[in-house]
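[1] Okay, predicted coordinates and the sequence, questions at the end:
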There are 2 protein chains.
Amino acid sequence: MDYEKDGAEIYRRSFATIRAEADLSGLPDDVAGAVVRMIHACGMTDLPADVRFDPAVVAAGRAALAAGAPILCDAKMVASGVTRSRLPADNAVLCLLDDPRTAPLARDLGTTRSAAAVELWRDRIEGAVVAVGNAPTTLFHLLERLDAGWPKPAAIIGLPVGFIGAAESKAELARDPRGVPFLTLLGRRGGSAMAVAALNAIADPKE
Amino acid sequence: MDYEKDGAEIYRRSFATIRAEADLSGLPDDVAGAVVRMIHACGMTDLPADVRFDPAVVAAGRAALAAGAPILCDAKMVASGVTRSRLPADNAVLCLLDDPRTAPLARDLGTTRSAAAVELWRDRIEGAVVAVGNAPTTLFHLLERLDAGWPKPAAIIGLPVGFIGAAESKAELARDPRGVPFLTLLGRRGGSAMAVAALNAIADPKE
């Protein structure tokens, strides 16, 4: 079978195809870099129309990581996907969904484990990079805690996916990001691969 | 903020929405179950038009897992996403991308690490469940090895994503699955979350 086997060439041609097809106008260069990787992760060049962002989000996330900030993830797939060699400060990448405190907290709070795990971020949230690639309840719970006066993360990558609460939680983030630089995708689409792609772009500008 | 916080209810309403919106006619019940989970993982109800499958794929994969077969994955995100509690026989879930033999093999073979890792599947491929959620070269390389006479896996979940080789490798799988039950999605879409969703459905019929 005849197919491209050179990994570097596959990347180069992939990103060239994306930049030829996707309408990246209106995106700052660094945000466009993140969106190109998000497109690469899902195979759909029509994402830009649904992307919402603070122009400072990539710079803020990148500076935080350079200063050693942790990455707080809602799902193990997000945490496992971050390319460690792109991280500037051997940053911690944490998903606390399986922490033994999470299930009892979820019962006490009457919410999902994905939301309860946010409670365990409390001591690390200030200046952290948050990546939500799965659960709308994680994003909703975080916004509620910010409303309640929690310290602010450096950036929120808000990309929960699905049918119940995903579109609503992302619309709420875009409507009022509580002073936190953010990147999101309106609607049902999103997911762990897209969140990882955005994180990898923020961690390292190398395409 | 007013949003659904009951995890079981979120699942129930999500799957009900998908079954109301997606055209699952023409899919056997067990394949429809896998496609519903794939839709759940990406937020897009239009997948069925691009799904291609062997009607036996879910049954074959499920029987293999019940008999203890390993799951061979192309990407760490796929391996990390499989819900261990759904596996019927505490099945091994393997991604050999970071095996120390992979990079030298890739150089020797003049291909990607994702393709070279397939070589390390040789002793476990017979009767295994293969899940490709990232790299077209993994799927192409596996098809080449099947053409060269390798033993057959029990099922191939072929869902590489992207712009260079993804559509082509999946079209080739659908055109000639080499006698292996398969599930794929034509075109550029796919990805690790979708592959995980299909695996989780095959592992356990529970919706």
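    Yep, that arrived.
[2] So residue A:130, which state does it fall into?
    Three-state call for residue A:130 (DSSP: H, G, I helix; E, B strand; the rest coil): strand.
[3] That one contacts residue A:155, correct?
    Yes: between residue A:130 and residue A:155 there is a contact at 7.1 Å, judged by Cβ atoms under 8 Å. In this view, the C-beta of every residue, glycine as well, is placed from N, C-alpha and C.
[4] Looking at these two, which one has more neighbours?
    Counted by other Cβ atoms under 10 Å in any protein chain shown, residue A:130 and residue A:155 do not tie: residue A:155 has more neighbours, with 32 against 25.
[5] who does the more buried one bridge with?
    Counting by DSSP bridges, residue A:155 is bridged to residue A:129.
[6] mind checking how far it is from chain B?
    To chain B, residue A:155 is 21 Å away according to Cβ to the nearest Cβ, to the nearest Å.
[7] Quick check: which helices or strands does the one helix or strand residue A:79 maps to pack against?
    Using DSSP states H and E, residue A:79 sits within helix A:76-81. Under the contact definition 3 or more Cβ pairs under 8 Å, 6 or more residues apart in numbering or on different chains; DSSP states H and E, helix A:76-81 sits against strand A:93-95, helix A:192-203, helix B:76-81, helix B:192-203.
[8] Which of the ones you listed sits closest to residue B:10?
    helix B:192-203 (15.5 Å; Cβ to Cβ).
[9] Show the average pLDDT along that closest one.
    What helix B:192-203 shows for mean pLDDT is 98.
[10] CA-only coordinates of it in CSV, if you can.
    The C-alpha coordinates for helix B:192-203 follow below in CSV (Å, rounded to 0.1, in the frame of the first residue of the first chain):
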residue,chain,number,x,y,z
SER,B,192,-9.0,8.1,20.8
ALA,B,193,-12.3,9.1,22.6
MET,B,194,-14.3,7.4,19.9
ALA,B,195,-12.2,4.3,19.9
VAL,B,196,-12.5,4.1,23.7
ALA,B,197,-16.3,4.5,23.4
ALA,B,198,-16.5,1.6,21.0
LEU,B,199,-14.2,-0.6,23.2
ASN,B,200,-16.3,0.2,26.3
ALA,B,201,-19.4,-0.8,24.4
ILE,B,202,-17.9,-4.1,23.1
ALA,B,203,-16.5,-4.9,26.6
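[11] Report the angle between it and helix A:192-203.
    150 degrees (axes from the mean of the first three to the mean of the last three Cα atoms, to 10 degrees).
[12] which one is the residue of chain A lying at maximal distance from its centre nearest to, not counting chain neighbours?
    Each residue of chain A has a distance to the centre, and by Cα atoms, centre = their mean the biggest one is for residue A:1: 36.7 Å. If you skip the residues right next to it in sequence, residue A:1 has residue B:140 as its closest partner in space, 5.7 Å away by Cβ to Cβ, 6 or more residues apart in numbering or on different chains.
[13] do the same with residue A:56
    residue A:181 (4.7 Å).
[14] Hmm, residue A:154 and the one you found touching each other?
    Yes: the pair residue A:181 / residue A:154 is scored as a contact, 7.2 Å apart, by Cβ under 8 Å.
[15] Please enumerate the shared neighbours of these two.
    A:60-61 (Cβ atoms under 8 Å, 6 or more residues apart in numbering or on different chains).
[16] What is the neighbour count of residue A:172?
    20.
[17] Look up how far chain B lies from residue A:94.
    For residue A:94, the distance to chain B - Cβ to the nearest Cβ - is 14 Å.
[18] check contacts around that residue.
    A:70-73, A:79, A:124.
[19] Find the pair from these with maximum spatial separation.
    Checking the contacts of residue A:94 with Cβ to Cβ, the most distant pair is A:79 and A:124, at 13.8 Å.
[20] Who has more neighbours out of the two?
    Neighbour count, other Cβ under 10 Å: between residue A:79 and residue A:124, residue A:79 has more, with 24 against 16.
[21] surely that one meets residue A:91?
    No: with contacts defined as Cβ under 8 Å, residue A:79 does not count as touching residue A:91, sitting 11.4 Å away.
[22] shared neighbours, these two?
    In contact with both residue A:79 and residue A:91: residue A:71, using Cβ under 8 Å, 6+ apart.
[23] follow-up on the earlier one: and for the residue nearest to residue A:56, the neighbour number?
    22.
[24] Same check on residue A:39?
    The burial count for residue A:39: 28, using other Cβ under 10 Å.
[25] Likewise for residue A:2?
    Residue A:2: 6 neighbours (other Cβ under 10 Å).
[26] for residue A:139, helix, strand, or coil?
    helix.
[27] residues contacting it?
    Counting by Cβ under 8 Å, 6+ apart, the residues that residue A:139 touches are A:74, A:132, A:156, A:158, A:160, A:169-170, A:172-173.
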